[in-house]
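[1] I would like to see how this sequence folds:
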Amino acid sequence: MREKVDVAVIGCGEAGIYAAYELTRLNPGLKVLVLEKGRDIYSRSCPIVAGKVRECVQCPVCDTMCGFGGAGAFSDGKFNFTTAFGGWLTDFMPAKEVMDLIGYVDEINVAHGATEEVYSTSSPAAKALEKKALEFDLHLLQARCKHLGTENNLRILQNIFEDMKDRVDFRFNTEVDKIENLGEEGYRLTTAKGDEVDCGWLVAGPGRSGAEWFANQCKGLGIQLINNQVDIGVRVELPARVFEHITDVVYESKLVYRTKQYGDQVRTFCMNPYGHVVAENVEGINTVNGHSYADPALQSENTNFALLVSNRFTEPFNEPYRYGKHIASLSNMLAGGVLVQRFGDLVKGVRSNDHRMSKSFTRPTLTAAVPGDLSLALPKRQLDDIIEMIYQLDKLAPGTANYDTLLYGAEVKFYSSRLALSGELETALPRFFAIGDGAGVTRGLAQAGASGVKVAQVITRRLKEIGK
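    Here you go, the predicted structure:
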């Protein structure tokens with residue numbers, strides 16, 4: 001079967017949702033089709049989260065990563081008002097425009113049930129914390145932040161879906177196999193089911209799980225790719241009290257440190273006070289992430305956060321995504337899934353096992369993680385960077401380097417090889433736009449949503465220019 005639409009959107013993550021939302025708001029009657037290989041927001045359910053299994057069962061399509069809301073649907077819903085992190089949209093447009101777009105996305109969220117409470121960075125306590133961090137050569141990147149909460153994030157997305165479903169054609173459980181350039185006629189998408197969709201305008205927001213597929217499609221279309229960074233590291237879990245004096249002041253604290261041994265940059269990422277460590281499945285590779293609920297009844301006694309080492313490669317290497325997957329697959333090979341080790345065991349050079357873990361004062365919230373040895377999975381350079389960073393954090397938050405601090409691995413943030421895009425996020429092919437994390441231009445809820453809105457506004461302006 002072949003059909004024709006005005007605009008086709010690939011991917012129903014944060015970027016794709018806001019692109020379709022704004023397109024249909026500004027252009028009533030425009031035929032917008034969203035193709036998503038995952039399920040709708042009501043049908044997504046990870047067997048691990050549901051308590052049906054302890055370990056990943058390799059679902060053909062991962063409900064944690066795919067479906068309405070993308071990977072962000074089951075995140076703890078941090079919404080950061082900043083251009084300092086969360087993406088690279090300022091490479092394409094002025095910082096003020098990015099902030100205006102982020103503010104508009106927040107307005108949409110609030111209209112659909114998001115909190116209006118914001119963690120400020122201007123308080124005396126926040127300024128004092130920033131100064132204290134500098135004493136230890138730790139650089140605190142602060143931003144106004146909203147914590148939506150994992151459970152509230154889902155509710156907001158459900159409300160947005162209900163608002164959109166009558167004006168947007170959503171096709172769930174529909175994977176796009178191929179993108180074909182039809183020249184002036186636009187583009188043809190062929191699905192895994194064999195159906196074809198022709199569109200005059202194409203917006204690609206494949207998300208993290210579709211990043212490798214999208215990069216291959218772009219290569220086939222002759223679109224230039226630029227190496228993007230790969231972030232490799234671990235998720236740290238420790239008693240919440242260790243970081244309370246930080247997380248009570250700035251909920252999302254990003255601490256950046258340049259190691260003395262190698263001069264590499266290490267950063268904290270995705271801080272989850274009183275949160276839970278969770279497993280993710282990215283195209284058959286088990287990685288680790290963190291959640292945090294707004295409801296105190298659902299919270300744990302621990303805080304978790306990622307420690308990531310950023311690596312940016314140069315020619316001739318051009319497959320950063322595959323490199324990250326390879327590192328993650330090593331820990332999968334050793335543990336059959338996510339691996340966990342006590343910090344003291346790692347430094348001592350011994351493998352954590354069930355007996356040693358049973359003596360730990362810090363109890364893991366991801367009970368399916370298998371005790372093991374991270375030094376057999378992570379490259380030495382990244383591991384040395386992480387250990388140095390933990391000792392440095394211990395100066396700001398004493399207790400970080402405790403023997404029983406837990407390290408889960410591997411945590412890998414996959415970013416597609418970045419596309420060469422215009423300031424309007426358009427590829428070298430006319431009327432073909434790329435947005436969100438899977439296109440390598442964002443890495444968080446706020447900027448992903450902003451990228452979708454931007455493209456919708458660009459398409460709307462051009463439609464008016466040609467009188468449609």
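[2] Just list what the longest helix anywhere in the chain packs against, helices and strands only.
    In the chain, taking DSSP state H as the definition, the longest helix is helix 445-465. Secondary-structure packing of helix 445-465 (3 or more CB pairs under 8 Å, 6 or more residues apart in numbering; DSSP states H and E): helix 14-26, strand 78-81, helix 95-111, strand 196-204, strand 432-434. The C-beta positions use only the backbone N, C-alpha and C, and glycine is treated the same way.
[3] Tabulate these (CSV), appending mean pLDDT.
    Output for the helices and strands packed on helix 445-465, formatted as CSV (pLDDT from 0 to 100):
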stretch, mean pLDDT
helix 14-26, 97
strand 78-81, 87
helix 95-111, 97
strand 196-204, 98
strand 432-434, 97
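[4] can I get those in CSV with distance to residue 145?
    Formatted as CSV, the helices and strands packed on helix 445-465 follow (distance: least, CB to CB, whole Å):
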stretch, distance to residue 145
helix 14-26, 16
strand 78-81, 5
helix 95-111, 11
strand 196-204, 28
strand 432-434, 27
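[5] now the ones you listed as JSON lines including distance to residue 143 and mean neighbour count?
    Listed next are the helices and strands packed on helix 445-465 as JSON lines, based on distance: least, CB to CB, whole Å; neighbours: other CB atoms under 10 Å:
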{"stretch": "helix 14-26", "distance to residue 143": "17", "mean neighbour count": "26"}
{"stretch": "strand 78-81", "distance to residue 143": "5", "mean neighbour count": "22"}
{"stretch": "helix 95-111", "distance to residue 143": "10", "mean neighbour count": "17"}
{"stretch": "strand 196-204", "distance to residue 143": "27", "mean neighbour count": "22"}
{"stretch": "strand 432-434", "distance to residue 143": "25", "mean neighbour count": "26"}
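[6] Can you tell me which of these is nearest to residue 133?
    strand 78-81 (17.9 Å; CB to CB).
[7] For that closest one, enumerate its sheet partners and note whether each is parallel or antiparallel.
    Counting by DSSP bridges, the strands paired with strand 78-81 are strand 144-147 (antiparallel).
[8] buried set for the strand it pairs with?
    For strand 144-147, burial by neighbour count (16 or more other CB atoms under 10 Å) applies to 144, 145, 146, 147.
[9] distance of the last one from residue 211?
    Which is residue 147. 26 Å (CB to CB, to the nearest Å).
[10] ditto for the third one
    When CB to CB is applied, the distance between residue 146 and residue 211 equals 26 Å.
[11] How about the second one?
    Between residue 145 and residue 211 the computed distance is 25 Å (CB to CB).
[12] what does residue 448 give?
    13 Å.
[13] Equivalent analysis for residue 420, please.
    To residue 211, residue 420 is 16 Å away according to CB to CB.
[14] higher neighbour count, the two?
    Neighbours of residue 420 and residue 211, each counted by other CB atoms under 10 Å, are more numerous for residue 211; the result is 25 against 12.
[15] what stretches of the chain score poorly on pLDDT?
    Confidence mapping of the chain against pLDDT under 70 gives the ranges 47-58, 227-228, 283, 313-321, 414-417, 468.
[16] the helices in it, which residues?
    Under DSSP H, the chain gives helices at 14-26, 95-111, 124-135, 150-164, 211-221, 240-247, 320-335, 343-348, 354-358, 380-396, 445-465.
[17] Can you add distance to residue 63 and give those back as a markdown table?
    Formatted as a markdown table, the helices of the chain follow (distance: least, CB to CB, whole Å):
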| stretch | distance to residue 63 |
| --- | --- |
| helix 14-26 | 16 |
| helix 95-111 | 22 |
| helix 124-135 | 37 |
| helix 150-164 | 12 |
| helix 211-221 | 18 |
| helix 240-247 | 28 |
| helix 320-335 | 19 |
| helix 343-348 | 32 |
| helix 354-358 | 28 |
| helix 380-396 | 30 |
| helix 445-465 | 18 |
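[18] Most tightly packed of these?
    Highest mean neighbour count among those (mean count of other CB atoms under 10 Å): helix 14-26, with a mean of 26.
[19] tell me, what's touching residue 448 and residue 211 both at once?
    Residues touching both residue 448 and residue 211 (CB atoms under 8 Å, 6 or more residues apart in numbering) are residue 437.
[20] one step back: of the helices and strands packed on helix 445-465, give the one that comes closest to residue 410.
    strand 78-81 (21.5 Å).
[21] how distant is the closest one from the center of its chain?
    12 Å (CA atoms, centre = their mean, to the nearest Å).
[22] Where do the domain boundaries of this protein fall?
    2-118+145-226+417-465, 229-413 (automatic domain parsing).
[23] Mind putting those domains into TSV with distance to residue 124?
    Shown next, in TSV, are those (distance: least, CB to CB, whole Å):
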stretch	distance to residue 124
domain 2-118+145-226+417-465	17
domain 229-413	10
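[24] burial count for residue 274?
    When neighbours are defined as other CB under 10 Å, residue 274 has 17 of them.
[25] Run a quick check on it versus residue 300, I expect a contact.
    Yes. If you go by CB atoms under 8 Å, residue 274 and residue 300 touch, sitting 5.7 Å apart.
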